[in-house]
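A.B. asks: coords please:
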Amino acid sequence: MRSKIEIRLSSHARMTQFIGLNCIWLISLCGAATAFGAPIDFRQQIAPIFERHCVRCHSPGNRKGDVSLATSGDLESNEYVVAGDPEASYLLELVTSQDGAPPAMPKKAKPLSGGEVELLRQWVGHGAEWPAGVVVKQKAKADASWWAYQPLKSNSATIDELIRAKLAEKDLTLNPTADRGTLIRRATYDLIGLPPTPEEVSSFMNDPDPQAYEKLIDRLLASPHYGERWGRHWLDVVRFGESIGYERNVIVNDIWPFRDYVIRSINEDKPFDQFIREHVAGDVIGKEDPAVAVGSAFLVAGPYDDVGNQDPLQAAQIRANTLDEIIRATGEAFLGMTLGCARCHDHKFDPITQDDYYGLYATFAGIRHGSVPLATPRQHQARAARLKPLNARKVELEKSVAEHEAAVLQRAREKLAEYESEWTREPVDRTGTEDRFEPVMAKFVRLVCEAQDGNPSSSTGFGIDEFEVWSTGEPPTNVALARNGGRATGDARKIEDFPGAYGPQHAIDGKTGARFLARGDNLTIELAEPTRIDRVVFSSARHEATPDHRKFTFVAEYRIEVSVDGERWQVVAGGRDRKPIPRPALVDHRLLQLETTADDRTKKQRLRRELAAVNRKIAQIPALPSVWIGRRVDADAEGPFHVFLGGSPQKKGHEVVPASLGVLNRMPNHKSEAGLAYRLESAVPESERRLAFANWLVHADNPLTPRVLANRLWHYHFGTGIVDTPSDFGYMGGRPTHPELLDFLALKLKENGWRIKAVHRLIMLSAAYRQSSAYRQDAASVDGDSRLLWRFPPRRLSAEEVRDTMLSVADQLDMKRGGPGFRLYHFMQDNVCTYVPLDKHGPEAYRRAVYHQNARASVVDLMTEFDQPDCTFSAPKRAETTTPLQALTLLNHSFTLDMATALAERLKREMGNDIAAQVDRVYRLCYSRPATEEEVSACRQLVERHGLATLCRVILNTSEMIYVQ
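C.D. replies: Residues are numbered from 1 along each chain as shown. Now for the predicted structure:
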């Protein structure tokens, strides 16, 4: 039984077919003005109804029910409105209550009011006029008046005055200033991520200079370890990882120069506007300066899918996903904007349109992931000069080899008919190739590959899913099968995490699917006993739907040998009497083998030896440094570019060009709109697009970038930003607790030339930063999270700080800076990669954790437990969990035991056998304070009973060591 809606639709369709839609439209217009009162203003009265109730589900990018109500063309095409006849218009039926039942539309939302339905009725009655060019879009929750998009407002107050003003609104006050011991520990961890040494603590505690604290901050900011600590923060933000993620997750061994660039730039206090420009267009700005060009590795520092889908539709989707990742990372890191939400439709919460999104898509369209040589012009020239004569000689030799082979091939082709007469059998077949021969006794049967069908110059890399050897008895038996006593051997491709995955046993297991993949040139079957045989059958893609796929490589030229003793072999069959596989390379290979004479072979070998010698000399010339900054592909960057309806590359909407984000071009009280906004033609080179966007990000009139950066600095000093969603300043993000303070810091950042060390100093010299972390119940009852900063928020050390601290206090920390990273996992690679955490961490891994080669989706003991984020995504703020696994790992991991032993040895070395001195020293090392008498007494008893290493193990597991007050 059909529903009422279906009947209504079908009857309407028949009516339309009978008299024609245009006739209905024309007839319905007649007399409409007199029947339905005053004319209706579509823009003011009807469009807002569609905005509020309809286009959320019915727009070009989201056509639920295959219906859109965004344009006049959509209205005409869906036939839901009969102009001049409300009663025949299905749209009005859908939004009107029927027999007391709720209206069918909008679904799961508040129904239209009676007034709104009446307006629609009158509008249809007047002819459903829809002005040309008017597009109805769902209105975002926020618009250009949103706080984050407003110009920065100057303020003459200080940090502390602004903090105290907010506290006063809640009748709260700051805590008293923390003691010097607390301050040096707090500041040292904050700026360099390492504990202060006992000597540094003592010097600071006893410094009579009133400027002692200021000197401390300046010393820490000048430390090379400052860049390591704050570089780690930035690497979290820009989702820096050293594997590609997705299913293959291949390691990237040459992106570490970007990590070193970040650390170096932060240590140098590089102006952050320049730093940001280098991230987006470093290869353009520093075309001849690798130290600058490496900054553009930011663009490809995230995950990407390299599977290489052969389906063009899927490949296009994967490409769109790749660019989406770049756009999202860029918007969140620099602008605090969730640009990715405008991929499929205009952003539902923030004033970001699909045009904005796809303008950036056009900006980054030329970016491809990968490594490129990164060197100075002088390095390029020097290497080119050394290679020039060698490459010239190589070309000569390759030409000689090619000419020699061409001459042999020409002779062979002249005799082609003669050769073809000898090819009496069909070519080898991946789904099954059979060879019959005279019965022969055999204990061993061997398949020898002479040429592989994917690369005839190679005799390795072929696959065999089944190799059958048939006896002559009745009935014939496949004596090669393992269950019949057969045993297969052959050098197989090996993968460490799945031993035997491609082993020769697959060739005789009676199953297809898994296969032997040869690393050598043969597969040998040993039979259970000498047997009379007369047939073999072998394949690489038996029962496969796509046997021509490259993964099913097979033999192109081969021979079958048998032996009774495994020493003396007899050829019983081969492929020389078969037709070659009908591909030019394989046919030519067969002809060359047949026609080459002894003299030809001698000449070719001589040329090959000379060529090999030249290639060896070329290989001895060091390659230029290669860095994962991505390739620039002009073909990808060619326009025109379009909006993708619903985010699908197969549904192209209107054309777009590289341009700035519209919402910032419309800022109220904008100083120089023309200076901030830009719009480029699609023909503009991709390098100029990125440079324009980079300059726009740090334009003097752009308030977002300095606001976001200032908030990040505050976040890392206090644990929570003034906006508690550091990468989302939009409607769904947090609201600033101290908006005037945020603008104050952003302006100070700009006043100091975008150099962040001055802002660090400003923040850390404030009373708000220097106050005690003491807990007060009265204040906590008003502001439990201390967002208003009535106390300094205590924090647990990050995963990297925990590990670095253990190494530091045990005197094991290797201070080597820069270069390739170390690994706390065992890496294994086949088609996909596996990362197995190491149970034992040796001295080669005793570097600062920022130099660890972090792979995506990998687990690293201790680091993962203490909330080191997975670098698959940006981590603008880290989680801080408390789990049993943290305690178990910290107590029992071999790393902790090794550090406890090393710390005990250090105490003995420095303090001798004086237990009291040892206890005091370990407290100063780990807690930055002396031990009390009670603590010395308790620890002495523990040492006397269980040894010094046990005490050290306990200390390394205490909360006081891993918390900063």
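A.B. asks: tell me how many other residues crowd the residue nearest to residue 94 when sequence neighbours are not counted.
C.D. replies: For residue 94, ignoring the flanking residues on the chain, the nearest one in space by CB to CB, 6 or more residues apart in numbering is residue 105 at 4.3 Å. Where C-beta positions appear, they are placed from N, C-alpha and C, glycine not excepted. By other CB atoms under 10 Å, 19 other residues sit near residue 105.
A.B. asks: and residue 105, how far from residue 92?
C.D. replies: Using CB to CB, to the nearest Å, we find residue 105 at a distance of 10 Å from residue 92.
A.B. asks: same question for residue 546.
C.D. replies: Going from residue 546 to residue 92 by CB to CB gives 53 Å.
A.B. asks: who has more neighbours, these two?
C.D. replies: Neighbour tally, residue 546 and residue 92, criterion other CB under 10 Å: the higher count belongs to residue 92, 21 against 9.
A.B. asks: give me the buried positions along the lengthiest strand in the chain.
C.D. replies: Under DSSP state E, the strand in the chain containing the largest number of residues is strand 433-452. Buried residues in strand 433-452, counting neighbours by 16 or more other CB atoms under 10 Å, are found at 433, 435, 442-452.
A.B. asks: and that strand, what does it pack onto?
C.D. replies: Counting contacts by 3 or more CB pairs under 8 Å, 6 or more residues apart in numbering; DSSP states H and E, strand 433-452 packs against strand 466-471, strand 522-539, strand 555-563, strand 570-574.
A.B. asks: and with 6 Å instead?
C.D. replies: strand 522-539, strand 555-563, strand 570-574 (3 or more CB pairs under 6 Å, 6 or more residues apart in numbering; DSSP states H and E).
A.B. asks: ok, residues contacting the longest one?
C.D. replies: Among residues not part of strand 522-539, those counted as contacts by CB atoms under 6 Å, 6 or more residues apart in numbering are 431-436, 439, 441-448, 464-472, 479-480, 485-490, 504, 560.
A.B. asks: specify the angle between it and strand 570-574 in degrees.
C.D. replies: On the basis of axes from the mean of the first three to the mean of the last three CA atoms, to 10 degrees, strand 522-539 is oriented at 30 degrees to strand 570-574.
A.B. asks: what does the helix or strand where residue 709 lies contact?
C.D. replies: For residue 709, the element it lies in under DSSP states H and E is helix 704-718. Residues from elsewhere that reach helix 704-718 (CB under 6 Å, 6+ apart): 233, 334-336, 697-698, 721-723, 726, 745-746, 749-750, 759, 763, 793.
A.B. asks: next structured bit after it?
C.D. replies: Counting by DSSP H and E, the next helix or strand C-terminal to helix 704-718 is helix 739-751.
A.B. asks: give me the buried positions along the lengthiest helix in the chain.
C.D. replies: In the chain, taking DSSP state H as the definition, the longest helix is helix 377-414. By neighbour count with 16+ other CB under 10 Å, helix 377-414 contains the buried residues 383, 390, 393, 394, 397, 400, 401, 404, 405, 408, 409, 412.
A.B. asks: which two from those residues end up farthest apart in space?
C.D. replies: Within the buried residues of helix 377-414, 383 and 412 form the most distant pair, 40.9 Å apart (CB to CB).
A.B. asks: check what pLDDT residue 929 gets.
C.D. replies: Turning to residue 929, the model gives it a pLDDT of 97.
A.B. asks: host element of it?
C.D. replies: Residue 929 belongs to no helix or strand, assigned by DSSP H and E.
A.B. asks: ok, now the one 10 residues further on?
C.D. replies: Mapping residue 939 onto the secondary structure by DSSP H and E places it in helix 933-946.
A.B. asks: buried ones in that helix?
C.D. replies: Neighbour-count burial for helix 933-946 [16+ other CB under 10 Å]: 936, 939, 943.
A.B. asks: please point out which parts of stretch 451-471 sit buried.
C.D. replies: For stretch 451-471, by 16+ other CB under 10 Å, it's 451-456, 459-471.
A.B. asks: also stretch 653-664?
C.D. replies: By neighbour count with 16+ other CB under 10 Å, stretch 653-664 contains the buried residues 656, 657, 658, 659, 660, 661, 663, 664.
A.B. asks: which members of those occur in helices, if any?
C.D. replies: Reading helices off the buried residues of stretch 653-664 with DSSP H, I get 663, 664.
A.B. asks: who touches stretch 343-350?
C.D. replies: By CB under 6 Å, 6+ apart, stretch 343-350 touches 61-62, 137, 140-142, 324, 341, 353-354, 357, 646-647, 730-732.
A.B. asks: number of residues surrounding residue 848?
C.D. replies: Residue 848 sits with 25 neighbouring residues when counted by other CB under 10 Å.
A.B. asks: then residue 421?
C.D. replies: 8.
A.B. asks: can you tell me how far it is from residue 471?
C.D. replies: Using CB to CB, residue 421 is found at 34 Å from residue 471.
A.B. asks: cool, and residue 124?
C.D. replies: Separation of residue 124 from residue 471 (CB to CB) stands at 86 Å.
A.B. asks: next one: residue 686
C.D. replies: 66 Å.
A.B. asks: swap in residue 722?
C.D. replies: 83 Å.
A.B. asks: give me the pLDDT for residue 4.
C.D. replies: pLDDT for residue 4: 32.
A.B. asks: and for residue 496?
C.D. replies: Looking at residue 496, its pLDDT reads 86.
A.B. asks: again with the one 3 residues further on
C.D. replies: Note for residue 499: predicted pLDDT of 87.
A.B. asks: that one: which element?
C.D. replies: Per DSSP H and E: residue 499 is located in neither a helix nor a strand.
A.B. asks: could you say which helix or strand holds residue 783?
C.D. replies: Assigning secondary structure by DSSP H and E places residue 783 outside every helix and strand.
A.B. asks: which non-adjacent residue is nearest it?
C.D. replies: Closest to residue 783 by CB to CB, 6+ apart is residue 790, at 6.1 Å.
A.B. asks: any idea how far residue 768 is from that neighbour?
C.D. replies: Going from residue 790 to residue 768 by CB to CB gives 9 Å.
A.B. asks: could you do residue 91 as well?
C.D. replies: Between residue 91 and residue 768 the distance is 59 Å, computed by CB to CB.
A.B. asks: cool, residue 352 as well?
C.D. replies: Distance, residue 352 to residue 768, using CB to CB: 34 Å.
A.B. asks: re earlier: residues making contact with the longest strand of the chain?
C.D. replies: The contact list for strand 433-452 (CB under 6 Å, 6+ apart) reads 458-459, 461-462, 469, 472, 521-527, 530, 532-538, 553, 555-564, 566, 572-573, 589.
A.B. asks: buried members of those residues into ChimeraX, please.
C.D. replies: Only the buried entries of those go into this ChimeraX selection, using 16+ other CB under 10 Å:
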select :459,461,462,469,521,522,523,524,525,526,527,533,534,535,536,537,538,553,555,556,557,558,559,560,561,562,563,572,573,589
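A.B. asks: for stretch 74-85, buried residues please.
C.D. replies: 74, 75, 78, 79, 80, 81, 82, 83, 84, 85.
A.B. asks: re earlier: with distance to residue 191 added, can I get the buried residues of stretch 653-664 in CSV?
C.D. replies: Putting the buried residues of stretch 653-664 into CSV (distance: CB to CB, whole Å) gives the following:
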residue, distance to residue 191
656, 44
657, 44
658, 39
659, 40
660, 36
661, 34
663, 36
664, 33
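A.B. asks: which among the buried residues of stretch 653-664 gets closest to residue 274?
C.D. replies: residue 660 (19.5 Å).
A.B. asks: quick one, phi/psi of that closest one?
C.D. replies: For residue 660, the backbone dihedrals (degrees, to the nearest 10) come out as phi -80, psi 170.
A.B. asks: got a list of what it touches?
C.D. replies: Residue 660 touches 677, 678, 696, counting by CB under 6 Å, 6+ apart.
A.B. asks: count of residues packed around residue 543?
C.D. replies: As a burial measure, residue 543 scores 12 neighbours (other CB under 10 Å).
A.B. asks: tell me which residues touch it, please.
C.D. replies: Counting by CB under 6 Å, 6+ apart, residue 543 touches residue 512.
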